[in-house]
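[1] Here you go, sequence then predicted model.
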Amino acid sequence: MLDFHIHQPDSSLLEAIKHKIDFKTKPLGALGRLEDLSKKICLIQQTTTPELTHPTILVFAGDHGLAREGVSAFPQEVTHQMVMNFLAGGAAISVFCKLHQLNLQIIDAGVNYTFETLPNLINKKVGYGTKNSLTEEAMTPQELEQAIQAGTQLVLQQRESGCNIIGFGEMGIGNTSAASLLMAALTGISINDCIGRGTGVDEKGLAHKVKILQAVYDHHQDKTSDPMAFFRSVAGYEMAMMLGAMLQAAESKMILLVDGFIASSVYLMAHRLYPAIEAYAIFCHQSNEQGHSKMLESVSANSILHLDLRLGEGTGCALAYPLIQSSVAFINDMASFESAAVSQKS
Ligand SMILES: Cc1cc2ncn([C@H]3O[C@H](COP(=O)(O)O)[C@@H](O)[C@H]3O)c2cc1C
Ligand SMILES: O=C(O)c1cccnc1
């Protein structure tokens, strides 16, 4: 079903990239992790003069049948209400995208609501929310395929419009539960250690969430050896669309920005299928959601920001963007010791 072609970039340029960075007017390594980012971007683009064009965040929205089990602090209708808020410019991701001049696209991947035709809402609705994974498989194979295809097409369209750096956000009440389940299945970490408070459930709510997710995990345990079957059983349409989008972004040699707990769980799935995706991914932030640090560790990811965010929507991507821009600016625009006539270390 999945037929992506994701290849590790050719590393023969690495020496030239390192040389360019090391002869900038600074002590060796003094720009720290900005230097690593710069190297990664140069390798993706196979150049020593990288550029960021038409930076874009796609936010996928979808509802979860499991939300009816009371695993979130908020009711399901918040998903469609937040979609309207994204479109009106009032959500955190809307504000940060405007501030950093990022193109923001909102996609209805499967919200349990009928939107009137709205000019800025991209309609890719697979269904009115997934099934309840406590008792059923969240989606059918056809729905999974449809969502992955839609994510692929959206990224191809962005690529054609000149985008070479793309971040992914999500909105879906209940989706930290789906992400925790996926994390447990893909990392082997006990489900208990993969569960956090999401939108802010209290002690009692957390105990209930743990109980429900343990039951969901047990219900689908027979599929843990088949990661895609497990993904289909617990994930949301917004996560499936993001999976197709991430894989296509890597195939199209774009820079792929990974957000928080939910987006990283989708990355985990993508990485399991195509490990070479790692060469295209930048981990924007480490979320405050319990489990995210271990999740990142499991794929040896080192995130840029540690701001204790716990929001999703792609906000970590938007906030990290100016630092990514800085990593591109210094390699292009800083003087070298030679061009600035600055003496090197004796
Ligand atoms: C107002 C509001 C805005 C949000 N924006 C993102 N999320 C985040 O919270 C949800 C996941 O948490 P849980 O699994 O606990 O439901 C997702 O929609 C995620 O994007 C929000 C949540 C709320 C309440
Ligand atoms: O890290 C995230 O993406 C996150 C954490 C809590 C709630 N929503 C999203």
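    It's in. Ligands and ions are numbered 1, 2, ... in the order given.
[2] Contacts only, for residue 237.
    Taking C-beta atoms under 8 Å, 6 or more residues apart in numbering, we find residue 237 in contact with 60, 62, 109, 110, 126, 127, 129, 130, 139, 143, 147. Using the backbone N, CA and C atoms, a C-beta is placed for each residue, glycine as well.
[3] ditto for residue 34
    Listed by C-beta under 8 Å, 6+ apart, the contact set of residue 34 reads 323, 326, 327, 330.
[4] what's the following helix or strand after the one helix or strand it maps to?
    Assigning secondary structure by DSSP states H and E places residue 34 in helix 32-45. If you walk from helix 32-45 toward the C-terminus, the next helix or strand you reach (DSSP H and E) is strand 56-62.
[5] That following strand near ligand 1 anywhere?
    No: on the criterion C-beta under 6 Å from any ligand atom, strand 56-62 is out of touch with ligand 1, staying 8.1 Å away.
[6] Nearest residue to residue 137 in space, please, no chain neighbours.
    residue 233 (4.5 Å; C-beta to C-beta, 6 or more residues apart in numbering).
[7] Enumerate every residue touching that neighbour.
    For residue 233, the contacting residues are 133, 137, 138, 220, 223, taking C-beta under 8 Å, 6+ apart as the criterion.
[8] and which of those residues is nearest to residue 119?
    Sorting the contacts of residue 233 by how near they are to residue 119, with C-beta to C-beta, puts residue 138 at the top with 30.4 Å.
[9] State the phi and psi torsions of that closest one.
    The phi and psi values for residue 138, taken as degrees, to the nearest 10, are phi -60, psi -40.
[10] Next, find the distance separating it from ligand 1.
    Using C-beta to the nearest ligand atom, to the nearest Å, one gets 14 Å for the distance from residue 138 to ligand 1.
[11] thought that residue was touching residue 62?
    No: using C-beta atoms under 8 Å, residue 138 is not in contact with residue 62, being 10.2 Å away.
[12] returning to what we had before: top of the contacts of residue 34 by number of neighbours, please.
    Counting by other C-beta atoms under 10 Å, residue 327 has the largest number of neighbours within these, with 23 neighbours.
[13] Just the buried ones out of the contacts of residue 237, please.
    With burial judged by 16 or more other C-beta atoms under 10 Å, the buried subset of the contacts of residue 237 is 60, 62, 109, 110, 126, 127, 129, 130, 139, 143, 147.
[14] Pipe those into JSON lines and attach pLDDT, secondary structure and distance to residue 192 per row.
    Conversion of those to JSON lines gives the following (pLDDT from 0 to 100; DSSP: H, G, I helix; E, B strand; the rest coil; distance: C-beta to C-beta, whole Å):
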{"residue": "60", "pLDDT": "99", "secondary structure": "strand", "distance to residue 192": "28"}
{"residue": "62", "pLDDT": "99", "secondary structure": "strand", "distance to residue 192": "26"}
{"residue": "109", "pLDDT": "99", "secondary structure": "strand", "distance to residue 192": "29"}
{"residue": "110", "pLDDT": "99", "secondary structure": "strand", "distance to residue 192": "29"}
{"residue": "126", "pLDDT": "99", "secondary structure": "coil", "distance to residue 192": "31"}
{"residue": "127", "pLDDT": "98", "secondary structure": "coil", "distance to residue 192": "31"}
{"residue": "129", "pLDDT": "99", "secondary structure": "coil", "distance to residue 192": "27"}
{"residue": "130", "pLDDT": "99", "secondary structure": "coil", "distance to residue 192": "23"}
{"residue": "139", "pLDDT": "98", "secondary structure": "coil", "distance to residue 192": "26"}
{"residue": "143", "pLDDT": "98", "secondary structure": "helix", "distance to residue 192": "30"}
{"residue": "147", "pLDDT": "99", "secondary structure": "helix", "distance to residue 192": "29"}
